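K.L.:
only geometry, no sequence info:
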């Protein structure tokens, strides 16, 4: 049963990835992240109320609330915002592959801050994940170079495309592709947030309450930011005055995936859940190519790098 729930969580996250891409372009001012945060708070809140009526509400402690609030800053605000931006700029498949950096950073946090031992499987898994990420960046550089070279060549005229100046320009343009900056920051934020949430669960063993509180904190910070920045303000207005089906259902899928993920953790081991969750890349590829037809540019190199990262996450989970 737990394995099935974990598979459903991976499929839900994959569906969210693809729907965010369907509902946005790289220039969209609103990518639906605020709606998804609100939906997570609402859905998890309903579960807390229902479970509280049936089984009683959890006993709260100051320490537990503190850790959940701090976890919400990293997961529901920083992690969620940068994840959605990564999908918006990179596409669902690449963003899902970059998301595999999450266990990479989790291992690093364990090594440097929690005193966890470095084992051979952990080292191999980390190298595979990081290698997949680097391969995607290199592939992006090459694609950008080809595209820009083709755009600058006039018919009947030979253009020296390998000058130092052109290489510098192409490099800067590739670095400007923020998708490859958003993804790692999101993965790091989620890794830190999950570690903090684990501390909160030791004080208040109710993951749904932690999710509700964290999402509420994320929504509050987002609303405060909307007072000072137009982009945040546009997202808040869009959430209440403009119904965008793809982004709304992406928020539902994200919230559902998070809830199913926590349910799976209560049924099977953490390593088993992490292993199954890494199949999100496969689901994302399938949904993008054959169900939603997002028309993303997916080369053999991109697909191979995604599967290398997924395998690395599996090695870490099994190790």
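P.N.:
Nice, thanks for sending it over. Bear in mind that the values here come from a model prediction, so they are computed numbers and not experimental data.
K.L.:
count of residues packed around the nearest residue to residue 244 once chain neighbours are set aside?
P.N.:
Of all residues not flanking residue 244 in the chain, residue 23 sits nearest, at 5.8 Å (Cβ to Cβ, 6 or more residues apart in numbering). Any C-beta I mention is one placed from the backbone N, CA and C, and that applies to glycine too. Burial measure for residue 23: 20 neighbouring residues, criterion other Cβ atoms under 10 Å.
K.L.:
repeat for the one 10 residues further on
P.N.:
Residue 33 has 28 neighbours, counted by other Cβ under 10 Å.
K.L.:
wait, isn't it in contact with residue 86?
P.N.:
No - using Cβ atoms under 8 Å, residue 33 is not in contact with residue 86, being 11.0 Å away.
K.L.:
which residues sit against stretch 248-262?
P.N.:
Contact with stretch 248-262 is made by 5-6, 8-13, 15-16, 19-20, 23, 32, 35-40, 43-44, 47, 80, 207-208, 211, 273, 277, as judged by Cβ atoms under 8 Å, 6 or more residues apart in numbering.
K.L.:
typo on my end, stretch 300-310
P.N.:
Residues from elsewhere that reach stretch 300-310 (Cβ under 8 Å, 6+ apart): 93-94, 96-98, 100-101, 128-129, 131-133, 135-136, 139, 278-279, 281-282, 285.
K.L.:
State the distance from residue 126 to residue 118.
P.N.:
9 Å (Cβ to Cβ, to the nearest Å).
K.L.:
between the two, which one's more packed in?
P.N.:
Neighbour totals were compared for residue 126 and residue 118, and residue 126 leads with 22 against 11 (other Cβ under 10 Å).
K.L.:
quick one: the more buried one and residue 13, what's the gap?
P.N.:
Distance of residue 126 to residue 13, given as Cβ to Cβ: 22 Å.
K.L.:
SS state for residue 59?
P.N.:
Assigned by DSSP: H, G, I helix; E, B strand; the rest coil, the conformation of residue 59 is coil.
K.L.:
Quick check: it touching residue 204?
P.N.:
Yes - the criterion here is Cβ under 8 Å, and residue 59 meets it with residue 204 at 7.3 Å.
K.L.:
Which of these two has more residues huddled nearby?
P.N.:
Higher neighbour count among residue 59 and residue 204: residue 204, with 19 against 10, using other Cβ under 10 Å.
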